[in-house]
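Visitor: quick check, what structure comes out for this input:
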Amino acid sequence: MKVLVAVKRAIDPNVKVRVKADGSDVELNGVKMALNPFCEIAVEEAIRHKEKGLASEVVVVSVGTSAAQEQLRTALALGADRALLVETNEVLEPLNVAKYLSKVIDSEQPQLILFGKQAIDQENNQTGQMVAQLTGSGQATFASVINHVDGQWLVEREVDGGSQVVALSIPAVVTCDLRLNEPRYASLPNIMKAKKKPLEVIAADSLGASVKSHARLLGVAPPAVRQAGIKVGSVTELVEKLKNVSGVI
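Guide: Below you'll find the model as predicted:
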């Protein structure tokens, strides 16, 4: 059984995001990049399935520039067997990424396709669902438990007010939530081994996907600076401030 994991290159979550001086976009020059944390959870889940004997191969795939090879090598160091990079320099929307990934899935024919539930840079939470639609696969989002029982995937997913268990036929698309697992750290020997694992670069144009832009980025602005709070001497003064200054009552 083959498990394919889609991963994304994103700004390291420990780095403070800065906006360019001209407000055109987020500053990426000289900024530390990392494997998207939710994608890291998806990679960990795939590796655990392999360790349990459920999966025979774990393949990681990313869509982006050549710089994404760094994050693919990280996934290989964590335990993935091989990596694929769909290389393009275009600014990609979730639908275009989904179209490229669906072409890769058609070629690889995995039995389970894992995603992080969302990327921390744009927080779209769309690509996994779009891939499921494009490939005609069953899907489960926000997974907190994934099991393989009687030839199908049983996925416990978090919903408002509790959890829901769904059964998916093979192949299935699952997006991974925080409580699914705790990702491991890559050991130094595995980091060295990852350098020799296969990483195939595929030109995006060669996949034959029909992509186009549906949105245009007009600008980026940092959030407004939060005003300092004040202390009041009594409940009466508090009510007066809320009524006459803040206007909330």
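
Visitor: point out where the protein drops to low pLDDT.
Guide: Low-confidence segments of the chain (pLDDT under 70): none present.

Visitor: try 80 this time
Guide: 246-249 (pLDDT under 80).

Visitor: surely residue 71 is in a helix?
Guide: Yes. Assigned with DSSP: H, G, I helix; E, B strand; the rest coil, residue 71 falls within a helix.

Visitor: was I right to think it contacts residue 6?
Guide: No. Applying C-beta atoms under 8 Å, one finds residue 71 not in contact with residue 6, separated by 11.6 Å. Yep, even glycine has a C-beta here, placed from its N, CA and C like the rest.

Visitor: neighbour count winner among the two?
Guide: More neighbours surround residue 6 than the other of residue 71 and residue 6, with 29 against 24 (other C-beta atoms under 10 Å).

Visitor: do you know how far the more buried one is from residue 66?
Guide: 18 Å (C-beta to C-beta, to the nearest Å).

Visitor: next one: residue 22
Guide: Distance, residue 22 to residue 66, by C-beta to C-beta: 26 Å.

Visitor: the two: which is more packed in?
Guide: residue 66 (11 against 8).

Visitor: report the contact partners of the more buried one.
Guide: Residue 66 makes contacts with 85, 87, 201, as judged by C-beta atoms under 8 Å, 6 or more residues apart in numbering.

Visitor: and the gap between it and residue 163?
Guide: Look at residue 66 and residue 163: by C-beta to C-beta, they are 40 Å apart.

Visitor: for residue 88, which non-adjacent residue is closest in space?
Guide: Spatially, and ignoring its direct neighbours in sequence, residue 88 is nearest to residue 204 (3.8 Å; C-beta to C-beta, 6 or more residues apart in numbering).

Visitor: the strands in this structure, which residues?
Guide: Under the criterion DSSP state E, the chain contains strands at 2-6, 9-11, 33-35, 57-64, 82-87, 112-116, 138-149, 152-159, 162-168, 172-176, 199-203.

Visitor: make TSV out of those and add distance to residue 41.
Guide: Converted to TSV, the strands of the chain look like this (distance: least, C-beta to C-beta, whole Å):
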stretch	distance to residue 41
strand 2-6	10
strand 9-11	13
strand 33-35	10
strand 57-64	13
strand 82-87	18
strand 112-116	6
strand 138-149	9
strand 152-159	13
strand 162-168	17
strand 172-176	5
strand 199-203	21
